[in-house]
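>>> Predicted model and sequence follow; I will ask about them next.
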Amino acid sequence: MMRWMTTFVLMIVFLGQVQAREGMWIPILLEKYNMADMQERGFELTAEDIYSINQASMKDAVLIFGGGCTGGVISSEGLLITNHHCGYSVIQKHSSISNDYLTDGFWAMSREEELVNPDLKATFLRRMEDVTDRVLLGVEDSMSMEERKQIISVNVDSIKNEAVKGTHYTARVEPFFEGNQYFLFVNEVFTDVRLVGAAPSSIGKFGGDTDNWMWPRHTGDFALFRIYADAQNRPADYASDNQPYEPLHHFPISLAGVEEGDFTMVFGYPGTTHQYVPSYHLEMLSETVYPKLIAVRDAKLDVMTHYIEYDRAVRIQYAAKHASLSNAWKRWKGEIRGLDKLDAIHKKQTNEAAFLKWVQEDAARKERYGSLLEEYAAIYKDYSEYRLGRDYLLELIGRSGLELIRLAGSFNRLADLLEEDPKNESLISQEKEKLKLEVEKHFKDYYLPIDRDITQILMAQVRQDLPERFQPLFYSTMDGQFNGDHSAFVANLFDASVFTTAESVHAFIDTLSPKKLKLLEKDPAFMVYNDLRDLYHNTVHKGYEKLNVQLDSLDRIHMLALQEFDTEKVFYSDANFTLRISYGQVKGYEARDAVYYDYFTTLDGIMEKDNPDIYDYDVPVRLKELHATKDYGVYEKDGTVPVCFVATNHTTGGNSGSPVVNQRGELIGVNFDRAWEGVMSDLMFNPDQCRNISVDMRYVLFIVDKFANAGYLIDEMTVVE
């Protein structure tokens, strides 16, 4: 085992030619892998300026915002910036009819007006360390996956406890390179994080789901918060006498902006990528799963579009749902297109053929890796079915699922209380009141003909596309009582269920009691939901997770084999929501034949999109006034205000809110999305078309200063020209 690990570590420090426009790189290894290349491309600082435990560095201004985004500190008084969409739920919690901050925006004009968020955290990395040898101590190649996991778990707990003993820090140990390497992360977590400023959604979400994944983009996707600490500048829960946190470093902000070709670096917490999966994985997605899911979404979107076109009220009800459905649909199409444009499957297969030839040339390699690809092929045969089954069932009962059935399913908690704790009238009453609110929310944006038509189409599609073992029980009822007629089954479902009108559901809630529980259990929509839920949890998800465990074991060996096979390549680990940097340059791109996109957008483009009849493009009056009077101040460039820009940095989910800095480490933007043509970058990177999208800091400052009249916030920033 130790000989294999020594070989692995030697290979990951190999000083080869880095593919600079690809990769999410580990900060403490920049000097070994990347710094010479970064400096050749224009970076003017050092690896110590990015990550250091001996002095303040950029890493001290980068944080995990909440649980899934990144943020950056932009003042010596704890002010931080992240994306509007990262702070959206926080803004929503503070919003009400009288204070509609989502619609109108919010700006604290003093520290006293900043809004407290009890559950919001800001997490800083204080140090990281390679602990591979300690994590794998006692692990042998002959061990089962379960034995391996148990030993690793014990070792990890010991490492974490030792790392933070006697401190207020927290620790995590994360696997890299599919579990062949492990790093310890020691963090400082601040729990008093207050809302300072957020533009209205008509700026912060301008373009909405309609423009998501797309370029050109005109979204002011930013929000401002402030971190507070106790008198010793240490983390503390909210207290009125807490003081603004004094960071070890904060990002200066550049007013110079960007030009094409400028060096850019994104510093943040990318979530998940799958760069090293075998060809079978790409085949599964692009030839089986995504096409089927696209067909399902096509059906849903076609039905919605049909009704929306003829009824303005329905258009209002379903505008957000239509846009949300099209979001993933758009991404799946983009991934298929991107993989096809790269000829990704063929590239993987060609590499696998060369790998297999290399394996066959050596007896020891043949013993270790000879069956690897065959094992992948066997597992993916089943895994593809389980993945499709899982995704199909989520299309029925997941967040974007069938509306009547999902509403019925929301009554399971009440059903459990009535059966298991029938005398707990207080808890039952609370659940009923909660359901009444859900019912009001449901029917506010519900149109039964759309739901009925979609349900009918999907019932037929699921039966056609899923194997027998993934067919829900209610198809037996359909066959027995309705001669297999999907239309008749769905018609009865909607005619017989109590969940079709707000009035009937409210009356049902009021009269529902332990004695009348059978009425709920026999409701056809409730029965269909529970059939689907049980099938998902008891059959599909269990099998899917079991196969995932098998794939995890193969992936670890596969990663090791790839490192040994391709010694000329410097590998970067897949994203795992740990601190990484990616670097590239500001650059436009050719989207398709004869279509070239420039690298930036402007305020003029916002006005061109303005349409008060479309929620996503309804420009605020104040912004129109600023445009009309050209009141741009120092944020002007060529008679307008820059809004967003694209660059070649390798990013993914989790990078939302990531600081984007120039060659001097000055903040030039905040990352918030990727361009549609490059969304396959989680699987394979194409430097010609993969682009990250950032809001320009000049637009951020313009909104804070001119739109919100909150210039006092800029006074505490370090703004450089």
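It's in. All values reported here derive from a predicted model rather than from experimental measurement.

>>> Excluding residues flanking it in the chain, which one is nearest residue 384?
The shortest distance from residue 384 to any residue other than its chain neighbours is 4.4 Å, reached at residue 284 (CB to CB, 6 or more residues apart in numbering). Where C-beta positions appear, they are placed from N, C-alpha and C, glycine not excepted.

>>> That neighbour reaches residue 386, doesn't it?
No - contact criterion CB atoms under 8 Å: residue 284 and residue 386 do not qualify, at 10.3 Å.

>>> those helices in the stretch 351-500 of the chain, which residues are they?
Secondary structure of the stretch 351-500 of the chain, counting by DSSP state H, counting those that start in this stretch: helices at 363-369, 372-397, 403-409, 412-420, 425-444, 448-465, 474-482, 486-496.

>>> For the last one, enumerate the helices and strands it packs against.
For helix 486-496, the contact count by 3 or more CB pairs under 8 Å, 6 or more residues apart in numbering; DSSP states H and E identifies helix 448-465, helix 474-482, helix 524-535 as packing neighbours.

>>> Tell me the helix or strand right after it.
helix 502-511 (DSSP states H and E).

>>> in that following helix, what's buried?
For helix 502-511, burial by neighbour count (16 or more other CB atoms under 10 Å) applies to 505, 506, 508, 509.

>>> OK, contacts around the first one?
For residue 505, the contacting residues are 407, 439, 443, 498, 499, by CB atoms under 8 Å, 6 or more residues apart in numbering.

>>> Next: the second one.
Residue 506 makes contacts with 436, 439, as judged by CB under 8 Å, 6+ apart.

>>> mind listing what's buried in stretch 547-562?
547, 550-551, 553-562.

>>> next one: stretch 702-719
702, 703, 704, 705, 706, 707, 708, 710, 713, 717, 719.

>>> Quick check: nearest residue in space to the last one, chain neighbours excluded?
Right, residue 719. residue 253 is the one closest to residue 719 (CB to CB, 6+ apart), at 5.0 Å.

>>> just checking, that neighbour touches residue 667?
Yes - assessed by CB under 8 Å, residue 253 is found in contact with residue 667 at 4.7 Å.

>>> anything in contact with each of the two?
74, 697.

>>> in this structure, which ranges drop under the pLDDT threshold?
1-20 (pLDDT under 70).

>>> biggest helix in it, by residue count?
Counting residues, the longest helix found in the chain (DSSP state H) is helix 312-342.

>>> for that helix, packing partners?
Secondary elements touching helix 312-342 (3+ CB pairs under 8 Å, 6+ apart): helix 208-211, helix 290-308.

>>> From the chain's centroid, how far away is the helix or strand following the first one?
So the one you mean is helix 208-211. Downstream of helix 208-211, the first helix or strand assigned by DSSP H and E is strand 223-229. Relative to its chain's centre, strand 223-229 lies at 22 Å (CA atoms, centre = their mean, to the nearest Å).

>>> ditto for stretch 133-146
32 Å.

>>> Settle this for me: residue 205 is touching residue 87, isn't it.
No - here residue 205 does not reach residue 87: they are 11.3 Å apart, not a contact under CB under 8 Å.

>>> got JSON lines for the helices of the stretch 351-500 of the chain, with distance to residue 108 too?
Formatted as JSON lines, the helices of the stretch 351-500 of the chain follow (distance: least, CB to CB, whole Å):
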{"stretch": "helix 363-369", "distance to residue 108": "59"}
{"stretch": "helix 372-397", "distance to residue 108": "40"}
{"stretch": "helix 403-409", "distance to residue 108": "38"}
{"stretch": "helix 412-420", "distance to residue 108": "38"}
{"stretch": "helix 425-444", "distance to residue 108": "29"}
{"stretch": "helix 448-465", "distance to residue 108": "42"}
{"stretch": "helix 474-482", "distance to residue 108": "53"}
{"stretch": "helix 486-496", "distance to residue 108": "49"}
